[in-house]
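Undergrad: Fold the following and give me the result.
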Amino acid sequence: LQEKVKAYCEANKLVEGSGVKPDDLIFANLYVKFKEEDRPAQGAVIPLKTLVAHVKEQMSTWHSIVVDGQTQYKKGKPQKISITAEDRQGGRKAATIIVNLEQFSIDPEAFAKAIQKKFSTSASTAPLPGKNETRTEVNVQGNVLRETIEYLQKEHKIEAHFITTNDKTKK
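TA: As a prediction, this is how the structure comes out:
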């Protein structure tokens, strides 16, 4: 990033000594959200490191996901796939709930069908509660927590650090 900022400043002849004299374009785009007292004075020379730090402050976090050779860019940090195993009917039965598959371009309906065949169990999908919620959860009968993790890693190439687990079953 520092090299790109430095190249822009050199190309537009903004370098003065060991600092940079920001032009109107930098002021109009970079210092808009700064408070008046935090904004450098128009025409002031500021160190390159300070300018780069200000650029970093204004940048948004993005991530990319590659599916079948196509790259998808999404704003923010990626949400992890959440797999929770919990007891049902007073501890006699267990269920595994998987959430955030859509984040990795995995269709919850197709995933539920594949899990049903793979683990010979029942699986269903349901929208998550909430007015503005668009995600879907997959409910799998039985505690298939470990098996689901392995399945996601082998079949969908999801790395372990993108999966969170929570085992609420009585051991």
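
Undergrad: Contacts only, for the residue nearest to residue 19 when sequence neighbours are not counted.
TA: Ranked by Cβ to Cβ, 6 or more residues apart in numbering and with sequence neighbours excluded, the top spatial neighbour of residue 19 is residue 45, at 4.0 Å. Yep, even glycine has a C-beta here, placed from its N, CA and C like the rest. Residues near residue 45 by Cβ atoms under 8 Å, 6 or more residues apart in numbering: 16, 17, 19, 20, 21.

Undergrad: quick one: which of those residues is nearest to residue 147?
TA: Comparing the contacts of residue 45 against residue 147 with Cβ to Cβ places residue 20 closest, at 56.2 Å.

Undergrad: what's the closest non-adjacent residue to the most centrally placed residue in the chain?
TA: Centroid-nearest residue in the chain: residue 78, 1.3 Å away (criterion: Cα atoms, centre = their mean). Nearest residue to residue 78, sequence neighbours excluded (Cβ to Cβ, 6+ apart): residue 63, at 4.7 Å.

Undergrad: From residue 74, how far out is the one you found?
TA: 6 Å (Cβ to Cβ, to the nearest Å).

Undergrad: likewise residue 13?
TA: 38 Å.

Undergrad: neighbour-wise, which of those two wins?
TA: Neighbour count, other Cβ atoms under 10 Å: between residue 13 and residue 74, residue 74 has more, with 13 against 9.
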